[in-house]
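Chemist: the sequence and its predicted three-dimensional model are supplied below.
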Amino acid sequence: MNIFVIMKRTFDTEEKIQIENGEVVEDGAEFIINPYDEYAVEEAIQLKEEHGGEVTVVSVGDEETEKQIRTALAMGADKGVLIEDEEIDGADTFTVQELLKAYFKEQEVDIILGGNIAVDGGSGQIGPRLADQLGINYVTSVTDLKIEDGTAKIEKDAEGDQIMIEVPLPVLITAQQGLNEPRYPSLPGIMKAKKKPLETLDLDDLDLDEEDVEPKTKTVDRYLPPEKQAGRKLEGELDEQVAELVSLLKNEAKVI
């Protein structure tokens, strides 16, 4: 099987985000594989172990993204591909979609896996948009996956319920929490990962111009949410508390 994983580099979920002059401060910050993409990497490796084939991890980012690709290789993926976006100012979901489309249109694909969302942007758009551009089936929020006779048998999370779906390959699926338990890279795996192939591509390699991937959106500002105010305890008789609550909601919170 030709198995691919689309993966993103994100801030460590334990990292405290800092913003200066409207920009996220990355100096000294820790980065990881997007946690939902870890489920995709693990599922890809399990599919390879069961059906044979090759797992290729593909990521769009700068040269620092190599570290997260190497982590996926240490987990058990076979090859890595880094599509550099450093030439593109303000790359958005459209940019990433177009870069991935240009890469995948030259590949023979059985299955593409990715995370349901990225913990930084949270749009959940890249997988479905890529599948649409490639003209293949896709299913999101997958919690169970079996491949039998060229068909993907899928269990999908649907707002607390489960839906069973069968679709023919090729297919793109996005992984939801609960699909599996991602493995930790072993020491032998880390050593082997250093020798596994990692290809770096740019716009020229993908036969693209900057105009082809120019972002469709513009970030006007970035800011942290306001700090939560201390709670307020109402005292007195019940009717007095109700009257004070109504007054607070009307005059301070201005929600009624």
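Modeler: Right, received. Where do you want to start?

Chemist: measure Asp157 to Glu50 for me?
Modeler: Taken as CB to CB, to the nearest Å, the spacing of Asp157 relative to Glu50 amounts to 22 Å. C-betas here are computed from N, CA, C, even on glycine.

Chemist: more neighbours: which of the two?
Modeler: Neighbour count, other CB atoms under 10 Å: between Asp157 and Glu50, Asp157 has more, with 18 against 11.

Chemist: Asp212: how many residues sit nearby?
Modeler: In terms of burial, Asp212 registers 13 neighbours under the definition other CB under 10 Å.

Chemist: equivalent analysis for the one 4 residues further on, please.
Modeler: With neighbours defined by other CB under 10 Å, the count for Lys216 comes to 11.

Chemist: pLDDT value on it, please?
Modeler: Lys216 is assigned a predicted lDDT (pLDDT) of 89.

Chemist: just say helix, strand or coil for it.
Modeler: coil (DSSP: H, G, I helix; E, B strand; the rest coil).

Chemist: doesn't Ala91 make contact with it?
Modeler: No: under the criterion of CB atoms under 8 Å, Lys216 makes no contact with Ala91, lying 10.7 Å away.

Chemist: overlap in contacts, the two.
Modeler: Between them, Lys216 and Ala91 have no joint contacts when contacts are counted by CB atoms under 8 Å, 6 or more residues apart in numbering.

Chemist: show me what the helix or strand containing Val167 is packed against.
Modeler: Secondary-structure assignment from DSSP states H and E places Val167 in strand 161-168. For strand 161-168, the helices and strands in contact under the criterion 3 or more CB pairs under 8 Å, 6 or more residues apart in numbering; DSSP states H and E are strand 137-148, strand 151-158.

Chemist: how far off centre is that strand?
Modeler: For strand 161-168, the separation from the chain centroid amounts to 21 Å (computed by CA atoms, centre = their mean, to the nearest Å).

Chemist: strands of this protein, residue ranges please.
Modeler: Counting by DSSP state E, the segments of the chain that form strands are 2-7, 9-11, 19-20, 23-24, 31-33, 54-61, 79-84, 111-115, 137-148, 151-158, 161-168, 171-175, 198-201.

Chemist: export those as CSV, with columns for distance to Gly236 and mean pLDDT.
Modeler: Output for those, formatted as CSV (distance: least, CB to CB, whole Å; pLDDT from 0 to 100):
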stretch, distance to Gly236, mean pLDDT
strand 2-7, 57, 96
strand 9-11, 46, 90
strand 19-20, 42, 81
strand 23-24, 46, 79
strand 31-33, 50, 92
strand 54-61, 58, 96
strand 79-84, 63, 96
strand 111-115, 51, 96
strand 137-148, 48, 94
strand 151-158, 46, 92
strand 161-168, 45, 92
strand 171-175, 52, 95
strand 198-201, 68, 95
